[in-house]
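Chemist: show me the folded form of this:
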Amino acid sequence: MSNYDLSICLPGHRTHLWERLYNSIAQSVGDYTWELVVVGPNDPPPFFSEKRNFKFLKDYGSPSRCFQISTLLAEGRLITWGSDDGYYTYGGLENCIDKFDTLGEKDIVIVKHVEGVGHSGRPMDRDFWRAHHHPPLRLSGIPEDFFIILNGMLHTSYYRDLGGMDCRYENYNMNLHDFAFRAKRSGSKIFFSDVDPVLNCDWNPNQGDHTPVATAHNEHDLPLFTKEMSQDQSSRIEIDLFNCFDQPPRWKRRFGDEE
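Modeler: Numbers count the residues shown, from 1 in each chain. Predicted coordinates:
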């Protein structure tokens, strides 16, 4: 039984930004009930000490591992994800939730986002959401009509049926593509938020705390994704929901070796 209409899940380590994120959700979700679930290495600020719809679990794993753990804690009927350097726009989440009145159990809403330095991003053309719009995704295992879902909303039960994210990927980016493709093979129909953007993210690849993520993407995640998606993926649909626990509990790229 669901205790909330929506769970917003994410890995997080920029604790000074969490209050802004939380307050933006409250302005974005309308009258729907919601919770924010964060997993990461740094304790939440005092602001959250009395917030009953906030959950936090400490973990030093990769962003992918932390995110997947956060989804295991979710109690919402629907689930979505974001980034702690972002904020939600007024009424955006409400618009997405409203759509599920007429959608099926396997259907997914693309939660449109923008990203740019200092939240300067602008809405992107619809083609941006097509996998083959991006040259690194023009691989033999990815059909031309498949969409990417960098930020999505769907039924939590269905997310779990598919096994969530593949945490062999350290960041949650290439595994979001993998998830979108597995959902499509499972029979999902893809819809778009009417609000654009729903989520506005800061994006500065030159800032210090982004370096481990960029390194993981370039050195590990993209090569793994390219290798796998260059092969037939037609039977790849469901994976182990608890695969995050197969990954190291300490992400060396950010935290170094065990003391």
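
Chemist: residue 225 and residue 185, how far apart?
Modeler: The gap separating residue 225 from residue 185 is 16 Å, by Cβ to Cβ, to the nearest Å. To be clear about C-beta, it is placed using only N, CA and C from the backbone, and glycine gets the same treatment.

Chemist: who has more neighbours, these two?
Modeler: residue 225 (24 against 17; other Cβ atoms under 10 Å).

Chemist: how much space between the more buried one and residue 179?
Modeler: Note on residue 225: its distance to residue 179, by Cβ to Cβ, is 12 Å.

Chemist: got a list of what residue 84 touches?
Modeler: With contacts defined as Cβ atoms under 8 Å, 6 or more residues apart in numbering, the neighbours of residue 84 are 10, 12-14, 17-18, 21, 38.

Chemist: for residue 71, state which of those residues is nearest.
Modeler: Relative to residue 71, the closest of the contacts of residue 84 is residue 10; by Cβ to Cβ it sits at 9.6 Å.

Chemist: got the buried residues for the helix or strand harbouring that closest one?
Modeler: For residue 10, the host element (DSSP states H and E) is strand 4-11. Neighbour counts using 16 or more other Cβ atoms under 10 Å place 4-11 of strand 4-11 among the buried residues.

Chemist: tell me the mean pLDDT for it?
Modeler: The pLDDT scores in strand 4-11 average 98.

Chemist: direction included, what does it pair up with?
Modeler: If you go by DSSP bridges, strand 4-11 pairs up with strand 34-40 (parallel), strand 76-81 (parallel).

Chemist: make CSV from the ones you listed and add mean pLDDT, distance to residue 93 and mean neighbour count to it.
Modeler: Converted to CSV, the strands paired with strand 4-11 look like this (pLDDT from 0 to 100; distance: least, Cβ to Cβ, whole Å; neighbours: other Cβ atoms under 10 Å):
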stretch, mean pLDDT, distance to residue 93, mean neighbour count
strand 34-40, 98, 8, 24
strand 76-81, 98, 7, 24
